[in-house]
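Novice: Next input, structure requested:
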Amino acid sequence: MWSINDFPAYGMVSGWSMHETLACPYCMENNKAFTLTNRGKASFFYCHRRFLPLNHRYRKNRKDLFVGRVEKDVAPPCLSGEELHDVVSEYGDIVFGLQSGR
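Specialist: Presented below is the predicted three-dimensional model:
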């Protein structure tokens, strides 16, 4: 079974929080999100250049959009099925939906 969703719907279907600094299900704790000063919202604006090839021109582009920063980091590692299972199993039993008696 598969579905095509936008990011908020993906969060509702998967149970993953899409609203805080851990919103990227691929990066998880390896993300580079930062909090905006005026509203306190998480921003991922500069986070995804590290997924580009190391010799891509946007990695070194300091003047267009990127606030004078050169991206030198590499993308987080792609986890195997067993590695992902180990990460998810640390969360214990997860129960979705409303619980009776609340």
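Novice: Excluding sequence neighbours, find me the nearest residue to the residue nearest the centre of the chain.
Specialist: Nearest residue to the geometric centre of the chain (CA atoms, centre = their mean): Cys24, 1.5 Å. Leaving out its chain neighbours, the residue that sits closest to Cys24 by CB to CB, 6 or more residues apart in numbering is Asn31, at 5.1 Å. Just so you know, the C-beta spots here come from the backbone N, C-alpha and C atoms, and that holds for glycine as well.
Novice: Give the burial count for that neighbour, as a bare number.
Specialist: As a burial measure, Asn31 scores 17 neighbours (other CB atoms under 10 Å).
Novice: cool, and the one 5 residues further on?
Specialist: Neighbouring residues of Leu36 were enumerated by other CB under 10 Å; the total is 10.
Novice: Go ahead and confirm it touches Ser43.
Specialist: Yes - Leu36 lies in contact with Ser43 (CB atoms under 8 Å); the separation is 5.3 Å.
Novice: before we move on, which element is Glu83 in?
Specialist: Using DSSP states H and E, Glu83 maps to helix 81-89.
Novice: what does that helix contact?
Specialist: Defining contact as CB atoms under 8 Å, 6 or more residues apart in numbering, one finds that helix 81-89 is touched by 28, 79.
Novice: what's the spacing between that helix and its chain's center?
Specialist: Distance of helix 81-89 from its chain centroid, counting by CA atoms, centre = their mean, to the nearest Å, is 17 Å.
Novice: and what of stretch 82-92?
Specialist: For stretch 82-92, the distance to the chain centre is 17 Å (CA atoms, centre = their mean).
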